[in-house]
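S.K.: Quick one, structure for this:
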Amino acid sequence: MKYLVKFYRLLPDERWLLFEALFCLLYSKLLLLMPFKYYIKRIKPLEIPEQEFDSGLLKKIGEAVYRANKLALWKNVCLVRSFAARLMLQRRKIVSTLYFGLQMKDGKELIAHAWLVSHNIYLTPKGRTAYKEIYSI
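M.R.: Model (predicted):
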């Protein structure tokens, strides 16, 4: 019941962003069933000139992905969240960079992470640990 009250208190554009973020999360999760090279082709960088952007919109998109992730009935890893946010930005023709990074944990375990940055705003967080950037698109 408390989720319905919180949903009702959202502004109409925030509700729409939440629905869009849920759809993009599901779409991104389903794309994981395909080979990774097809996944990357779906989120290739935009070939458009730099244009004005609204930092408020970027923050709203990041918040919508965060909220939708909490509501999703499936588990979303950082890769799925980053791809979902990237799809939302591409739909609005906003340029962003998706980073892939690695970190060694205790010298034994390799940990991978993905995060999305647009105009120096982290839409999906990098985290507090230092990841070595290995690829970006």
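
S.K.: Quick check: next helix or strand after the helix or strand where A85 lies?
M.R.: Using DSSP states H and E, the element containing A85 is helix 78-91. Using DSSP H and E, the helix or strand that follows helix 78-91 towards the C-terminus is strand 97-105.

S.K.: and that next one, what other elements does it pack with?
M.R.: helix 78-91, strand 109-118, strand 132-136 (3 or more CB pairs under 8 Å, 6 or more residues apart in numbering; DSSP states H and E). For glycine as for every other residue, the C-beta is placed from the backbone atoms N, C-alpha and C.

S.K.: 6 Å instead, please
M.R.: With contacts defined as 3 or more CB pairs under 6 Å, 6 or more residues apart in numbering; DSSP states H and E, the secondary structure elements packing on strand 97-105 are strand 109-118, strand 132-136.

S.K.: any idea of the mean pLDDT in the lengthiest helix in the chain?
M.R.: With secondary structure taken from DSSP state H, the chain has its longest helix at helix 12-31. Across helix 12-31, the average pLDDT comes to 88.

S.K.: same question, stretch 72-85
M.R.: The average pLDDT within stretch 72-85 is 89.

S.K.: Span of it from start to end?
M.R.: End-to-end distance for stretch 72-85: 15 Å, by CA to CA, to the nearest Å.

S.K.: what comes up buried for that stretch?
M.R.: Under the neighbour-count criterion of 16 or more other CB atoms under 10 Å, stretch 72-85 has 72, 76, 78-85 buried.

S.K.: ok, L10 - how many residues close by?
M.R.: Counted with other CB atoms under 10 Å, residues neighbouring L10 total 14.

S.K.: Actually, F53.
M.R.: Neighbours of F53 (other CB under 10 Å): 17.

S.K.: contacting residues for it?
M.R.: Shown in contact with F53 (CB atoms under 6 Å, 6 or more residues apart in numbering): 94, 119.

S.K.: quick one on the thing from earlier: which residues are contacting the longest helix of the chain?
M.R.: 39, 60, 64-65, 67-68, 72, 76, 80, 83-84, 87-88.

S.K.: need these in a markdown table with distance to L33, can you?
M.R.: What follows is the contacts of helix 12-31, written out as a markdown table (distance: CB to CB, whole Å):
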| residue | distance to L33 |
| --- | --- |
| Y39 | 10 |
| K60 | 29 |
| A64 | 24 |
| V65 | 21 |
| R67 | 25 |
| A68 | 20 |
| A72 | 17 |
| N76 | 14 |
| V80 | 12 |
| F83 | 13 |
| A84 | 15 |
| L87 | 16 |
| M88 | 21 |
